[in-house]
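J.: build me a structure from this.
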Amino acid sequence: MNRAKLPGVTHLPSPHPQKLPLSFVISDCPTPERLPEYTRAFTKLQVTDVIRICESSYYDAQQLESLCSNANTNTTVKVIDDIKFEDGGVPSPELLSKFLDLLADRIQAAPTSSSTSMPTQPNSSGYPALAMHCVSGLGRAPVLVAVAILEYCDHMEPLDVVEYIRGYRRGALNKVQLKWLEDVYAKKLRRKDFAKRRRQRSTSPMKNQASDKTADKARRKCMIL
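T.: Here you go, the predicted structure:
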């Protein structure tokens, strides 16, 4: 697993770099005293943006940007401070749209690669990383990562994505967030049109029944928190 050495910081490679040429960094909220440690980790992981989902009073955003910026490599990091929602909750449609617009911009600017293999070292893929944190890094930040993966990796269902994230960030996502990902975001709010793929799945009743049983088993496993 690709974990940054700082305990509160977790690096998640893209499950499908061709479709989603970004990696993600989930962290708890840095304190002013430990901000230099976090910025060193962000720099090492090629972070371009830090989405601060919790309150803005925990640390100085300008200080983080200054510590992450590197004049020698022309590297700059921007703190995104306008995507905030309730602890343990989910983003509103307006915030979701703002996040997806940011995600689309960063993907468009990302380098392209024909490789589909996952890196063996923290961000050795060379892809830029989008960092996000709430207070603990277990709820709101993982929700946004799940949204990003679901939006671009059409081979993955919500339960697959939850298990993928929890493989890197143990204890991530609560029952409310899981239900929202499965019943609201994936079915009503996702921008990508997967109607054709879902129709293809429904053409095979036996296969569909087996898939439903697998999903029920995975759902029970994900609900145990």
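J.: please pull out the lowest mean pLDDT helix or strand from this protein.
T.: Least confident helix or strand, the chain: helix 195-202 with a mean of 46, by mean pLDDT, DSSP states H and E.
J.: do a quick rundown of the strands in this structure.
T.: With DSSP state E, the ranges of strands along the chain come out as 9-12, 23-27, 47-52, 78-80, 129-133.
J.: show me where this protein has helices.
T.: 35-44, 61-68, 93-109, 140-152, 158-168, 175-179, 195-202, 205-223 (DSSP state H).
J.: nearest to Tyr127, of those?
T.: Nearest to Tyr127, of all the helices of the chain, is helix 93-109, at 9.9 Å by CB to CB. For glycine as for every other residue, the C-beta is placed from the backbone atoms N, C-alpha and C.
J.: show me the contact partners of that closest one.
T.: 20-22, 48-49, 51, 80, 82-85, 91, 128, 130, 144, 147-148, 151-152, 185, 189, 191 (CB atoms under 8 Å, 6 or more residues apart in numbering).
J.: check the gap between the nearest residue to Leu67 once chain neighbours are set aside and Thr75 for me.
T.: Using CB to CB, 6 or more residues apart in numbering and skipping residues adjacent in sequence, the residue nearest Leu67 is Thr39, 3.8 Å away. According to CB to CB, to the nearest Å, Thr39 and Thr75 sit 11 Å apart.
J.: where does the prediction get shaky in the protein?
T.: Scanning the chain for pLDDT under 70 picks out 1-5, 70-74, 112-126, 192-225.
J.: list the buried ones in stretch 54-73?
T.: The neighbour-count check on stretch 54-73 (16 or more other CB atoms under 10 Å) flags 54, 59, 64, 67-68 as buried.
J.: ends of stretch 11-29, how far apart?
T.: 15 Å (CA to CA, to the nearest Å).
J.: how far out from the middle of the chain is that stretch?
T.: From the chain centre to the centre of stretch 11-29 is a distance of 6 Å (CA atoms, centre = their mean, to the nearest Å).
J.: what of stretch 160-173?
T.: Per CA atoms, centre = their mean, the centroid offset for stretch 160-173 relative to its chain is 10 Å.
J.: now stretch 45-65
T.: Worked out by CA atoms, centre = their mean, stretch 45-65 lies 16 Å from the chain centre.
J.: same thing with stretch 61-72?
T.: Between the centre of stretch 61-72 and the centre of its chain there are 22 Å (CA atoms, centre = their mean).
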